[in-house]
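**Student:** Turn this into a structure:
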Amino acid sequence: MVMANPSLLLKSIFILFIIFFLLPYRSWSCPEYQKQALLHFKSSMLAINSSFHTLDSWNSGSSSCCLWDNVTCSPSNSNSTSSVVIALHLSKLLAQFTPSNLLAPLFFIRSLRVLDISKNSINGQIPALGFGNLSSLVYLDLSSNLLNGSIPPQLFKLRHLQYLDLGSNSLEGGLSPKVGSLQDLRILKLSYNRLSGELPEEIGNLTKLQQLSLGSNKFSNGIPSSISYLWELEELDLSNNALSMEIPTHIGNLSNLSSLQLATNKLTGGIPASMQKLNKLNSLDLEGNLLTGEIPFWLFDFKDLQLLQLGGNNFTWNNKMKMVPKCTLSILSLRSCGLEGEIPEWISTQTNLFMLDLSKNQLHGPFPQWLAEYNFFTLILSHNKLFGSLPPALFRSSQLSILALSSNNFSGKLPENIGDLKLLIFMMLDRNNFSGPIPQSISQISSFLLLLDLSCNRLSGNIFPVFDHQGFLLYADFSSNQFSGEVPTTFPKNIEILALGGNKFSGALPSNLTKLRNLKRLELQDNNISGELSNILLQISHLRVLNLRNNSLQGSIPKTISNLKNLQILDLSSNNLIGEIPREFANLTGMFGNGAPPTIVAFIISSALGFNSIVVNELIVNWKKSKQGLPNNNLEMYFLLDLSNNQLSGEIPDSLGSLKALKMLNLSYNKLSGKIPTSLSDLQNVEGLDLSHNKLSGLIPTAFTKLQQLTTLDVSNNQLSGQIPVGGQMNTMIDANIYANNSGLCGFQIRVPCHEDLPLAQKQHGHDKKEPWISLKAVGIGYPVSFLSTIGIIFLAGYFNPSSPSNSRSRRRRRRHHPHRLIRQRI
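**Tutor:** From the prediction side, this is the model:
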């Protein structure tokens, strides 16, 4: 440690002594009304949260509020005996909801020039009149709160404003043309709100602007041409809106621009030639628009360019041109840009690349060795035609965190050193032709691994890697391979999604599944799992999706199914289940639609989808008589119960009517009998209802007319009778096939009139026909008696010699319909 110089220390003390004791005394006290206003603000905070201690230095015993934390006063001068408060730095003070009207005491401090109340939990509208009083404001930061409503026009009267940040709130409405009045403004941030409408042309009046951030809103129509007047602009962010039309022709006039973010809009046309003048460009993001034309190679001549994202448009790439880039890129996205042939070799000159996305092109050829030796953070080559084996060098990277090679033609065994990736978070190797067993080293991949997808390959084996039970793996998909043996359970205890469908797993459900207590989604469809549906699964109480479709399960559905109170989707179709449908289904409160909280893995999937190149497999279900994929990012919207293609018997329990959130109910191809319960009309959200191929009898409930969401109905091949209900969606159910083989049904839907629908004259005519039969009864009886007597005489006289009955006519038998088993399909 360096010792302080004693003489220097004494000198410092002497200087401080002169300043504080020998120079004329000047008061640093703030005006009393400002002090009281701040104390009032603090007391309002304490009224909401008594444990609020952040502003403990704010107390009435202090001589001056200028000495308080987070308060800045103007320096005193010879003409004033006190200072005034000019800045309040109140960011990150509040941890719970605080109504915006509690800011009222601060609006009495009209000397404020800087006010920062960002990153709190302030909710409600922006106090219009209050901020209108702060006419001296130069800096205002209200970002990262919970503010709603529109931007008050009073803010646009604060003519001295140079910095305005209202980002990351829930503000709505449009951006007023009055924003053009803030002509001293240097920085305007309105990103991450719900602002909509057109961008005003008056925005071009803000000629001193250096940063304009309007991203992640709902702005529409074109980018105003006046934006080319913002000559001082260095950063422009209009991404994630609904902007359309072309990029302004004269955008190249913004010669100071270093960052241009226009991603995720609906922009059309090509890249303006004037952009060649943007020599200071460091970051260009045009991803996810409708832009067309050939990608100009002069984009790669910007020497300062580090980020270039052009993917997700309708661009074309000149595959015949040779290119020598002058830039040094760190991030490059050419997703769906029409690249053909092998991976371009010019990419090897970009030695600083840590993120590369070449997905959804027509690239073919083997994985280049030089590319495998790059030290990427993110590498996305999905949806191409690359082939061959993966070079082991790829898995020696010290920082590779995202690897997506889905939907190619890679083959061979997975490299044994796959477990060497110590920072891997996402690995997507699905939809290729990899074969052989999974390397045991995969279980040694970093504890950061959250998402692993090896589905739709030809991987095999009956011994699964043993993953760290304490690991963070949340999503694992091994479906549609050739794995065999017992259902594996050697996964981290916190795993939430486990997809093992479409393999050759056999045997009973293992008891070790209960160790995976955080499972939210379990897919075991299309395997050879046998035995009874035991209580094992019913102990995993967090399950929301359980798919056991097309296995060989036997026995009855246990009443303890009611333990799965979070279940939203249950598919037990195409098994050999018997017995009655338990009335305890009424306790599946997850199908009531009360709204389940989002899972951790939902955020993980959202993050993966945020790359736009990473596709997470959808949940495949039988939906309205066809295979359909339900998207992972809003799976909580779907509620489904499928018990079809079993041998269930007995009546349909009334309790199913309490599952009010159900969108699809399929009980077809069973042996159910009795009447259709009227309670099914309480399924107000049901879109598909299939009760076909059972032994149901009686009427179709008239209350089915209340099913306003119903679009698919099938009650065919039952023993139903009576009139088909009329009204509501039932009037649209006019396909006769959905009522077929119910001989007692009638109604306009099948063009069979019911008796009560016949015209009165027709009914009377039918009644009148009985009169002649009664009047000629004797004739009607006498004729057949005489005929039979004549035959008897002929028989006795020997004129008729009957032979033995022929056996040539075979007896017709009704063949029982055995539906084909549904096989799992991938989308």
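
**Student:** Give me the distance between the two termini of stretch 450-470.
**Tutor:** For stretch 450-470, the first-to-last residue distance is 12 Å (C-alpha to C-alpha, to the nearest Å).

**Student:** correction: stretch 258-272
**Tutor:** Using C-alpha to C-alpha, the end-to-end distance of stretch 258-272 comes to 17 Å.

**Student:** ok, now stretch 619-629?
**Tutor:** Across its full length, stretch 619-629 reaches 5 Å end to end, with C-alpha to C-alpha as the criterion.

**Student:** wait, residue 96 sits on residue 120?
**Tutor:** No. No contact is recorded between residue 96 and residue 120 when judged using C-beta atoms under 8 Å, the distance being 9.4 Å. Any C-beta I mention is one placed from the backbone N, CA and C, and that applies to glycine too.

**Student:** More neighbours: these two, which one.
**Tutor:** residue 120 (20 against 9; other C-beta atoms under 10 Å).

**Student:** what pLDDT does the more buried one get?
**Tutor:** As predicted, residue 120 sits at a pLDDT of 91.

**Student:** check which helix or strand covers the closest residue to it other than its chain neighbours.
**Tutor:** Here the nearest residue to residue 120 in space, its sequence neighbours aside, is residue 94; by C-beta to C-beta, 6 or more residues apart in numbering that works out to 4.1 Å. Using DSSP states H and E, residue 94 falls within no helix or strand.

**Student:** Could you measure from residue 94 over to residue 367?
**Tutor:** Residue 94 sits 52 Å away from residue 367 when distances are taken as C-beta to C-beta, to the nearest Å.

**Student:** what residue lies at the spatial centre of the protein?
**Tutor:** Among the residues of the chain, the smallest C-alpha distance to the mean C-alpha position (C-alpha atoms, centre = their mean) belongs to residue 633, namely 1.9 Å.

**Student:** Would you point out the helix or strand in the protein whose mean pLDDT is lowest?
**Tutor:** Of the helices and strands making up the chain, the lowest-confidence element is helix 770-775, at a mean of 35, by mean pLDDT, DSSP states H and E.

**Student:** low pLDDT regions in the stretch 701-827 of the chain?
**Tutor:** Screening the stretch 701-827 of the chain residue by residue with the criterion pLDDT under 70, one finds the ranges 757-827.

**Student:** Likewise for the stretch 51-200 of the chain?
**Tutor:** The low-confidence ranges in the stretch 51-200 of the chain, as defined by pLDDT under 70, are 76-81, 95.

**Student:** At which residues are the helices of it located?
**Tutor:** Counting by DSSP state H, counting those that start in this stretch, one finds helices in the stretch 51-200 of the chain at the ranges 128-133.

**Student:** the strands in it, which residues?
**Tutor:** 71-73, 85-89, 98-99, 114-116, 122-125, 139-141, 146-149, 163-165, 170-171, 187-189, 196-198 (DSSP state E, counting those that start in this stretch).

**Student:** If you count contacts, what does the fourth one end up packed against?
**Tutor:** Translated: strand 114-116. Strand 114-116 is packed against strand 85-89, strand 139-141, with contacts defined by 3 or more C-beta pairs under 8 Å, 6 or more residues apart in numbering; DSSP states H and E.

**Student:** Any chance you could list what contacts the shortest one?
**Tutor:** Residues outside strand 139-141 that contact it (C-beta atoms under 8 Å, 6 or more residues apart in numbering) are 87, 91, 113-118, 131, 134, 155, 158, 161-165.

**Student:** Make a ChimeraX selection of the buried ones in those residues.
**Tutor:** Burial among these is assessed by 16 or more other C-beta atoms under 10 Å; the matching ChimeraX selection reads:
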select :87,113,114,115,116,117,118,131,134,155,158,161,162,163,164,165
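
**Student:** thinking again about what came up before, any idea how far residue 618 is from the residue nearest to the centre of the chain?
**Tutor:** The spacing between residue 633 and residue 618, counted by C-beta to C-beta, is 10 Å.

**Student:** Buried by neighbour count: which residues of stretch 446-463 qualify?
**Tutor:** With burial defined by 16+ other C-beta under 10 Å, the residues of stretch 446-463 counted as buried are 449, 450, 451, 452, 453, 454, 455, 456, 457, 459.

**Student:** Looking at strand pairing, list the partners for the third one.
**Tutor:** Meaning residue 451. residue 426, residue 475 (DSSP bridges).

**Student:** Might one say that it is in contact with residue 429?
**Tutor:** No. Counting by C-beta under 8 Å, residue 429 is not a contact partner of residue 451; they are 11.5 Å apart.

**Student:** Count the residues that sit near the nearest residue to residue 541 once chain neighbours are set aside.
**Tutor:** For residue 541, ignoring the flanking residues on the chain, the nearest one in space by C-beta to C-beta, 6+ apart is residue 563 at 5.9 Å. The criterion is other C-beta under 10 Å. On that basis, residue 563 has 19 neighbouring residues.

**Student:** Model confidence for residue 563, exactly?
**Tutor:** 89.

**Student:** quick one: it from residue 106, how far?
**Tutor:** Following C-beta to C-beta, the distance that separates residue 563 from residue 106 is 54 Å.

**Student:** Likewise for residue 151?
**Tutor:** 19 Å.

**Student:** what about the helices in this protein?
**Tutor:** Using DSSP state H, the helices assigned to the chain run over residues 6-17, 32-48, 128-133, 369-372, 600-609, 760-768, 770-775, 777-796.

**Student:** next one: the second one to chain centre, how far?
**Tutor:** Its chain's C-alpha centre lies 44 Å from the corresponding centre of helix 32-48 when counted by C-alpha atoms, centre = their mean, to the nearest Å.
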